[in-house]
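Q: Quick one, fold the following:
(one chain, ligands or ions: 1)
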Amino acid sequence: MIILVVNAGSSSLKYQLIDMENEFVIAKGNCDRIGIDGHLSHKTSNGVKVEEDCPFPTHAEAFERLVKALTEDEGAVISSMDEISAVGHRVVHGAEQFTRTMLVTDEIIEKIDELRELAPVHNHGHALALWACRKILPNVPQAVVFDTAFHQTIPQKAYMYGFPYEDYEQYHVRKYGFHGTSHRFVTAKLAEVMGKELKNLKIVSCHLGNGSSITAVQNGKSVDTTMGFTPLDGVLMGTRCGAVDPSAVTYVAGKHGFNVTEMDAYMNKKSGLLGISGKSSDFRDITAASEAGDKHATLAKDMLVYDIKKDIGTYAAVMNGLDAVIFTGGIGENAPNCREEVCTNLEYLGIKLDKAANDFKGELRKISTPDSKVEVWVIPTNEELLIARDTLALISK
Ligand code: ADP
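A: Okay, the predicted model is just below:
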């Protein structure tokens with residue numbers, strides 16, 4: 001059975017074609033620069049690469065080109081779209097309406113589009129891709145998998161903000177949390193490799209990439225997470241400031257004379273590792289600059305490490321204990337220095353890092369010592385695979 005996984009943004013449409021017999025990626029690619037000009041990158045498992053500039057006025061043309069790439073060009077991997085059993089779509093924001101993966105109806109697409117107020121950059125793009133896919137493949141079932149859904153188990157005392165209650169009721173201002181698909185994938189994988197049941201584990205899952213979030217997972221359920229109403233909250237990120245005193249926001253906006261949009265860009269695009277280092281948002285550059293003696297790069301790295309360490313302690317308190325810590329995402333999977341610094345001086349929690357075992361990148365591995373009370377693991381995330389598995393489970397029902 002073959003499943004197409006689609007991850008559409010406002011101007012891009014990434015895809016993977018997965019054979020679910022062996023969970024093998026047959027082809028993947030990206031239709032980029034939608035609404036600007038248009039570019040297709042397509043790659044097959046047997047090494048064929050297609051790069052082409054092509055006009056993508058809307059997501060519909062991009063989707064049509066994707067179909068052609070999969071079925072007709074030199075990078076074709078199937079003879080017709082009839083070979084595809086279902087399409088699984090990543091959706092960033094499901095708010096309080098969507099708590100699990102759903103099969104798509106017109107009404108659901110409309111609701112996803114209505115939620116664009118909560119995720120301006122993403123949800124409208126998802127809706128456009130969903131309409132395009134429904135038009136071009138009207139008889140193929142489509143599923144939607146929400147980044148926020150996994151966090152809908154967070155208790156109200158943890159997801160509320162201290163604003164007047166009527167603003168929660170009227171404007172739905174609350175913590176939603178993101179990266180849910182990744183946290184769900186790596187925590188399930190952890191239980192499998194530890195040979196334990198997820199329902200008996202207290203886990204802190206650290207997804208560290210350009211955007212980062214830390215989640216407390218108890219009995220297989222998210223009980224708290226660092227991202228909030230938007231993906232700006234929590235730890236320091238590539239270009240995002242993470243958690244700050246809300247009054248600092250109004251103060252800085254006043255000093256610079258920023259309007260709301262300008263302040264938003266300042267916090268989302270000019271802050272974080274980039275803003276502190278003045279050099280780069282990329283953790284590789286930060287590490288290299290820090291090793292070369294750059295004080296601001298060192299400070300940026302130290303701030304990120306400090307935030308993560310603090311959240312591990314917080315969530316151990318929230319769950320009344322800790323069985324395992326997971327590192328995932330571009331930084332979590334590939335930066336031994338970040339993992340080592342986070343795990344240093346956490347012995348009181350029962351965390352003992354095996355420095356030699358930690359010296360690697362990009363694969364699944366346990367990095368704590370055999371006598372460490374808390375197990376520490378690096379688990380590469382695979383959101384696309386989880387979307388494909390969810391989609392398969394839904395259509396098999
Ligand atoms: P996104 O959040 O956009 O999905 P990724 O999960 O791909 O991002 O993570 C990107 C981050 O991972 C960047 O900060 C990058 O520097 C970091 N990263 C990727 N490879 C390495 C590496 N080999 N060593 C250190 N950091 C890395």
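Q: So for stretch 86-93, what gets flagged as buried?
A: 86-93 (16 or more other CB atoms under 10 Å). For glycine as for every other residue, the C-beta is placed from the backbone atoms N, C-alpha and C.
Q: got the CA positions of it in CSV?
A: Below are the C-alpha coordinates for stretch 86-93, written out as CSV (Å, rounded to 0.1, in the frame of the first residue of the first chain):
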residue,chain,number,x,y,z
ALA,A,86,-4.4,7.6,0.6
VAL,A,87,-2.8,11.0,1.2
GLY,A,88,-1.8,12.2,4.7
HIS,A,89,-1.4,15.9,5.3
ARG,A,90,0.5,17.7,8.0
VAL,A,91,-1.5,20.5,9.6
VAL,A,92,0.1,22.8,12.1
HIS,A,93,-2.9,24.1,14.0
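Q: returning to that earlier point: with distance to the ligand, pLDDT and secondary structure added, can I get the buried residues of stretch 86-93 in a markdown table?
A: Listed next are the buried residues of stretch 86-93 as a markdown table, based on distance: CB to the nearest ligand atom, whole Å; pLDDT from 0 to 100; DSSP: H, G, I helix; E, B strand; the rest coil:
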| residue | distance to the ligand | pLDDT | secondary structure |
| --- | --- | --- | --- |
| 86 | 25 | 98 | strand |
| 87 | 22 | 98 | strand |
| 88 | 18 | 98 | strand |
| 89 | 17 | 97 | strand |
| 90 | 12 | 96 | strand |
| 91 | 16 | 96 | strand |
| 92 | 12 | 93 | coil |
| 93 | 16 | 94 | coil |
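Q: Tell me if residue 162 really is in a helix.
A: No - Residue 162: not assigned to a helix; according to DSSP: H, G, I helix; E, B strand; the rest coil it is coil.
Q: Can you give me every residue that contacts it?
A: Going by CB atoms under 8 Å, 6 or more residues apart in numbering, residue 162 touches no other residue.
Q: On the pLDDT front, check it for me.
A: The per-residue pLDDT reported for residue 162 equals 98.
Q: and the gap between it and the ligand?
A: 29 Å (CB to the nearest ligand atom, to the nearest Å).
Q: For the residue nearest the centre of the chain, which residues are in contact?
A: For the chain, residue 179 is the residue whose C-alpha lies nearest the centre (CA atoms, centre = their mean; 3.5 Å). Contact analysis of residue 179 by CB under 8 Å, 6+ apart lists 147, 207, 211, 213, 215, 225, 227.
Q: Show me what the residue in the stretch 1-150 of the chain positioned nearest to the ligand is bridged to.
A: Residue of the stretch 1-150 of the chain nearest the ligand, by CB to the nearest ligand atom: residue 7 (10.5 Å). Beta-bridge pairing of residue 7 under DSSP bridges involves residue 14.
Q: Isn't it up against residue 28?
A: No - at 10.3 Å, residue 7 does not count as touching residue 28 under the criterion of CB atoms under 8 Å.
Q: The two: who's more crowded?
A: When neighbours are counted by other CB atoms under 10 Å, residue 7 and residue 28 differ, and residue 7 comes out ahead with 23 against 17.
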